[in-house]
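Engineer: no sequence for this one, just the structure:
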């Protein structure tokens, strides 16, 4: 599978090739901050098949957390492109909203961090549901 995508202003473009590692929906509080209040729809893809084809991302890693993720985003428009997690080496967690063709996502296989889920969040039927991350 080959996925292409870009940020809102189109300065940052990417390609990701390979088989998806997973399709998820995350309700953690951090994702709520990043998304503006909703869960994040992400597709885990092999990092080896990922590259930026235009632009260079800005990076952010919290310094006050143990094993924080590194978030990559457009420094011009602020669109969040992906996260890299120390808990998932060799993977990039792509934000589905940035895909040129979002239909390749389909639906999440798993919904995580429902412990932080808000009353206005929806959990799709058929997905495995976890209070935190699957063990």
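Structural biologist: Noted; the coordinates are in hand. Being a predicted model, the structure only gives us computed values, none of them experimental.

Engineer: now residue 19. Nearest residue, chain neighbours left out?
Structural biologist: Among residues not flanking residue 19 along the chain, residue 1 sits closest, at 6.3 Å (C-beta to C-beta, 6 or more residues apart in numbering). Heads up, the C-betas are built off the backbone N, CA and C, glycines and all.

Engineer: so how many other residues sit close to residue 125?
Structural biologist: By other C-beta atoms under 10 Å, the residues close to residue 125 number 7.

Engineer: just the buried residues of the biggest strand by length in the chain, please?
Structural biologist: Taking DSSP state E as the criterion, the chain has its longest strand at strand 40-46. Across strand 40-46, burial judged by 16 or more other C-beta atoms under 10 Å covers 40, 41, 42, 43, 44, 45.

Engineer: how about the contacts made by the third one?
Structural biologist: So that's residue 42. Listed by C-beta atoms under 8 Å, 6 or more residues apart in numbering, the contact partners of residue 42 are 23, 24, 25, 26, 83, 93, 94, 95, 96.

Engineer: could you pull out the strands in this protein for me?
Structural biologist: 2-6, 13-17, 22-26, 40-46, 50-54, 58-61, 70-73, 80-84, 91-95, 110-112, 128-129.

Engineer: output those strands as JSON lines; include the columns distance to residue 120 and mean pLDDT.
Structural biologist: Output for the strands of the chain, formatted as JSON lines (distance: least, C-beta to C-beta, whole Å; pLDDT from 0 to 100):
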{"stretch": "strand 2-6", "distance to residue 120": "27", "mean pLDDT": "98"}
{"stretch": "strand 13-17", "distance to residue 120": "30", "mean pLDDT": "98"}
{"stretch": "strand 22-26", "distance to residue 120": "14", "mean pLDDT": "96"}
{"stretch": "strand 40-46", "distance to residue 120": "15", "mean pLDDT": "97"}
{"stretch": "strand 50-54", "distance to residue 120": "32", "mean pLDDT": "98"}
{"stretch": "strand 58-61", "distance to residue 120": "26", "mean pLDDT": "97"}
{"stretch": "strand 70-73", "distance to residue 120": "24", "mean pLDDT": "96"}
{"stretch": "strand 80-84", "distance to residue 120": "20", "mean pLDDT": "96"}
{"stretch": "strand 91-95", "distance to residue 120": "20", "mean pLDDT": "97"}
{"stretch": "strand 110-112", "distance to residue 120": "15", "mean pLDDT": "95"}
{"stretch": "strand 128-129", "distance to residue 120": "17", "mean pLDDT": "94"}
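
Engineer: okay then, goodbye and thanks.
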